[in-house]
Each structure stands twice: as C-alpha cells, then as structure tokens.
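Asker: Sequence first, predicted coordinates after that:
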Amino acid sequence: MRRFFKLGPAFLILIVFVFLTIHYFDGKQVWKGISELFEHPFLLVIMWIVYFLSFCLKGWAWQLYLKGKARFSTCLLGILYSLLVNHLLPIKVGDLVRAKILSVRDDRVNYEEALHSVVVLRVLDMLCLIVITLTGLLCLDVSFKFPVWSIIAGSIFCIITISVLHKYFPAFLKRHISLLKNAFSGRNGLAIILVTFFSWVLEGGILYGTVLALKGELSFFETVFSNSITIAGQIFQITPGGIGNYESFLVFALGLFGFPLIEGYTIAVITHFMKFLFSYLAGAVVILIYPVSFKTVKGWVWIKGVRRK
C-alpha cells in the first residue's frame, strides 16, 4: 500500500512528462537557451555560487542540529555525496549515504543519531517548502488553490503515524522526541529553522539566473515559489535526479505566471541540466577530497527495494 501511494502518483507524473516531451520538446530551442546562458559567464558563476551556498547553509543547519559534534566539512561532504547519489540512482538512497558518511568520518555521532538528524532535517526541509508555497499562494497573483482533501489526508496520515509509534514503539519515540527537544531548544532551534529556510530561498538562484539569461519575466519571490513547488514534487522520485518530476512540476509552476508550455518546458530542461551538471562536478570534487568506493557505498546501502545493511 505504501509503495502504491508513492508509485501511483510517480507514474502519473511521468505520463505527464512524456506528454510534455512529445508535444513541447524542441531540441533547437533548448540548445539555443543553453548557449544563451553560457554567453553570460558572470551570471553563470553567480548562479552556481548561490546554488553552492544553499548547500553550505544546509550543512551549517545540520552542524547546528548536532550541537557542533560534527565538523562543518563533514556535514557538507555528506550533503554533496547525497546529491550525487540521488542524481545517479532512480531511488532516494542519498540520505542513507549522507548519514553513514557523518558517522564514519566524525565518530562522535553514531549512525542512529546521524540518521535521526537527517530524517528530522528532511522533514524541516519539507515544512519550509510548504511554508514558501503557501505564502506564495496567499501573496502572489495565482489562481491555484490546494485541494482541501489533500490537507485533511496529510493531517490524518501524520496523526496515524504518531499514534502507531506511540503504541508500538514508545521507547523509540521517546528517545527521538528527546533528541528533537535538545536540538531545537532556545536560539539554536531558531537558527536551524532560519538557516534551513534561507537555504531554500537561495536554491532558487539557478532558476532565477536562467530566466534572466533567457530574458523572461519572473520576480525573485516568484522564482523561489516556483522552485519550492518543484522540489517538493521530488518526493515522488523514481528516476535519477527526479527526471520527469522536476520538469512536470516546474512547467506547472511557471504556467501559473503566464509562461507558455513550450517556454516553461525549455526553462525546466535547462535548469535541470544545470543542476545535474553541478551535482556531478561537486560529486567529483568530494570524491577527490574524501574518496568512498562504490563497493563501500554498496556495503552501506543494499539496493533491492531499499534496505539498509
């Protein structure tokens, strides 16, 4: 049942992607857009710096969550390794690799605590994306509204999950609530939330720069809103880097601001290409800094469903 709730929407999104590709993909238009982007090297460098800084902020938030028990370099390496793995494999196992790198490279944090921190920060990521999206729906001139049933269904799911944990895994729940209280207490908790939130604001830099280079009209807030909707849609990822999901959601988001389908699709393909390129280049650098063999990664994550070894 759990697989159905993920795979069902994922396949529907891929069908939308195939439809968009058949009807709106224009190779010449995409190549022209990429060429125009590379004709602005200064803008390109700024885009990638801003994008890289978004991951630096995520690494800083992770270090804050762990109360300084892990080095910032380890947190950043783990996040960039996760980014690389998620852009190579069709299933999101990057977070397992991220947690393992933290526990191996900085042994003050055990694997359970590392994995707990990754899960909590992923939930915080999603909450930040939801806040940005809801703020955009309220403040921007868009006609789309979230279906009431989806909000009700999400609330019911959260209540059932907490109830099951409380009944069948009370010790597990108590321990992780204790870790949450400790990490989010006082100013540290506020800092984690703010740093995470602004990391998602900065992640819109790739899209904003691309629209600027292609002489499109999209404000920075509209860019952050569009990017947030797109990234939130990656929970249904079943392809490397969310190919299909990314394009479908971004075309939808840009359409809310009047972008024609062919233009929105072209921008989506170009920005996704830039993110793939960044993930591979950053991945090559982190492999040089802290080499981890494929055999070792396989030992950390047994990919067959997805099960942890």
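Answerer: Done, it's in. Numbers count the residues shown, from 1 in each chain.

Asker: any low-confidence regions in the stretch 101-250 of the chain?
Answerer: 143-155, 157-158, 161, 165-169, 171-176, 178-185 (pLDDT under 70).

Asker: Strands of that one, residue ranges please.
Answerer: Secondary structure of the stretch 101-250 of the chain (DSSP state E, counting those that start in this stretch): no strands present.

Asker: could you pull out the helices for it?
Answerer: Secondary structure of the stretch 101-250 of the chain by DSSP state H, counting those that start in this stretch: the helices cover 111-139, 148-168, 170-183, 186-202, 205-213, 220-232, 245-255.

Asker: Which elements pack onto the first one?
Answerer: Contacts of helix 111-139 with other secondary structure elements, assessed using 3 or more Cβ pairs under 8 Å, 6 or more residues apart in numbering; DSSP states H and E, are made with helix 41-65, helix 94-105, helix 170-183, helix 186-202, helix 220-232. All C-beta spots, glycine's among them, are computed from the backbone N, C-alpha and C.

Asker: rerun at 6 Å
Answerer: Contacts defined by 3 or more Cβ pairs under 6 Å, 6 or more residues apart in numbering; DSSP states H and E place helix 111-139 against helix 94-105, helix 186-202, helix 220-232.

Asker: Can you say which of those helices is nearest to Leu137?
Answerer: helix 220-232 (8.2 Å; Cβ to Cβ).

Asker: any chance of the helices and strands packed on helix 111-139 in TSV, with distance to Ile159 and mean neighbour count too?
Answerer: Shown next, in TSV, are these (distance: least, Cβ to Cβ, whole Å; neighbours: other Cβ atoms under 10 Å):
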stretch	distance to Ile159	mean neighbour count
helix 94-105	25	22
helix 186-202	23	16
helix 220-232	21	22
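
Asker: Which among the ones you listed is found nearest to Val45?
Answerer: Here helix 186-202 is closest among those (Cβ to Cβ), at 14.9 Å.

Asker: Any chance you could list what contacts that closest one?
Answerer: Val50, Leu53, Ser54, Leu57, Lys58, Trp60, Ala61, Leu64, Tyr65, Leu124, Cys128, Val224 (Cβ atoms under 6 Å, 6 or more residues apart in numbering).
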